[in-house]
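Asker: build the 3D model from these lines:
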Amino acid sequence: MRIIHVLVIAALVFAAAYVYRIKMDSTSRTERVLRLHAEIREQRDAIAVLRAEWAKLDAPLRLQGLAERHLQLKPIAATQYDSLKNLPERPPNFAKPGDPDPIGAMIQTIDASAQSVSVTGSIPSAEAQQ
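Answerer: Now for the predicted structure:
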């Protein structure tokens, strides 16, 4: 009878120690989750601050003021445009009049290869099925 009592008391002490360990693990994990939530909140706040700074730096009036202050730009005058007669000559045509169109030949080659039946190997061709 005494051995049974000792075994029951030992089992109760073991169970209490096990429950205590589970409680401590869950408490430490809860604290870790709370710390992670706090870090996430801090990161979101930092992102909001950076977005506000970006909006301030990207303001059109601010950029226009910086451009006027630092760039030596002047408005375009109508006299800056030139007439068509002052344009340079057209560059020489390197294709001879009798030669086939090289771009048209490339397009025809691409069209011909697209129209041919291509077999990838995953599905047998119609010829192989017959």
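Asker: which helix runs longest in this structure?
Answerer: Counting residues, the longest helix found in the chain (DSSP state H) is helix 2-57.
Asker: how far out from the middle of the chain is that one?
Answerer: Relative to the centre of its chain, helix 2-57 is centred 33 Å away, using C-alpha atoms, centre = their mean, to the nearest Å.
Asker: do the same with stretch 43-59
Answerer: If you compare the mean C-alpha spot of stretch 43-59 with that of the full chain, they lie 20 Å apart, counting by C-alpha atoms, centre = their mean.
Asker: report the buried residues of it.
Answerer: Of all the residues in stretch 43-59, not one is buried under the rule 16 or more other C-beta atoms under 10 Å. In this view, the C-beta of every residue, glycine as well, is placed from N, C-alpha and C.
Asker: give me the next element, helix or strand, following the longest helix of the chain.
Answerer: For helix 2-57, the following helix or strand on the C-terminal side (DSSP states H and E) is helix 60-70.
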